[in-house]
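Model the structure of this input:
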Amino acid sequence: MNLTVLAASGRTGLALTREALRRRHTVTAIARDPARIDVPDSALLRKVAGDVEDPASLDVAGSIVLSGLGTDRAGVLLAGAKAVVAAGPQRIIWLGAYGTGESAAVAGEAAGMLAKLLGERLGDKVEADGTILAAGGTVFHAGLLADGPESPTRRTVGVEEGPPLDSDAVVSRATVAAAMLDEAETPRFAGKIALPLPG
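Numbering: from 1, shown residues only. Below is the predicted model:
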């Protein structure tokens, strides 16, 4: 399977790239600085310079895109979502945040605290998610991310089955990456929000 990983030099992007290679997929890993994609060279891996704010740098036509994109600047996620959709990938699997947009009601009171923390970036996240969903993509709303191994009891559920957001609970990036790769291999949540849970 031909996969493209966006923001491949970030911690979630690296987890996605490693998991995709572990599963023996062909991976195009995109980052503004490909030298920062800290993954051993492989015949299955191509490291490419690209930036979602420069749509011409995104050659994703026909591939399945997995995005680990995150930002502290408003507007970047929506611009990136529009650029990826316009580039014509086969499918898009996008990382969002649990407690925003459609998952806010299920997440409960902690979603209000998250909204305050995100400030003006909240609207950007919600609109980016909506752009991906409207294109038939899958958006994964993950809780607080941490480094660490994949959870042996992990599961993926639809947004309607989400637990209240616990500000003390975390999900490992490896767990999220595995869930997103599962979706790439066997789509279950096309046009929907899915939640990767550690157990």
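
Distance from the chain centre to stretch 10-27, please.
Taking CA atoms, centre = their mean, to the nearest Å, the mean C-alpha location of stretch 10-27 is offset from the chain mean by 12 Å.

contacting residues around the residue nearest to residue 163 when sequence neighbours are not counted?
The spatially closest residue to residue 163, leaving aside those adjacent along the chain, is residue 197, at 7.5 Å (CB to CB, 6 or more residues apart in numbering). Using the backbone N, CA and C atoms, a C-beta is placed for each residue, glycine as well. For residue 197, the contacting residues are 154, 155, 156, 157, 163, 171, by CB atoms under 8 Å, 6 or more residues apart in numbering.

what's the answer for residue 182, then?
Contacts of residue 182 (CB under 8 Å, 6+ apart): residue 156.

So it, which state does it fall into?
helix (DSSP: H, G, I helix; E, B strand; the rest coil).

circling back to that earlier point, can you tell me which of the contacts of residue 197 is nearest residue 42?
residue 154 (24.9 Å; CB to CB).

So what pairs up with the spatially closest residue to residue 148 that is not a sequence neighbour in the strands?
With sequence-adjacent residues excluded and distances taken as CB to CB, 6+ apart, residue 148 is closest to residue 172, at 4.1 Å. Note on residue 172: beta-bridge partners by DSSP bridges are residue 146.

Show me the shaky parts of this protein.
Counting by pLDDT under 70, the ranges of the chain that qualify are 111, 115.

Dead centre of it: give me the residue that sits there.
Centroid-nearest residue in the chain: residue 95, 2.4 Å away (criterion: CA atoms, centre = their mean).

In contact with residue 47, which residues?
Residue 47 touches 8, 29, 31, 34, 37, counting by CB under 8 Å, 6+ apart.

that's a strand at it, yeah?
Yes. Looking at residue 47 with three-state DSSP, it is inside a strand.

Report the spatially closest residue to it, excluding sequence-adjacent ones.
residue 34 (3.9 Å).

for the residue nearest to residue 148, what are its contacts?
145, 146, 147, 148, 149, 150, 151, 198.

Which stretches in this structure count as helices?
Using DSSP state H, the helices of the chain run over residues 11-22, 76-86, 104-107, 110-118, 121-134, 173-185.

Many thanks, I have nothing further to ask.
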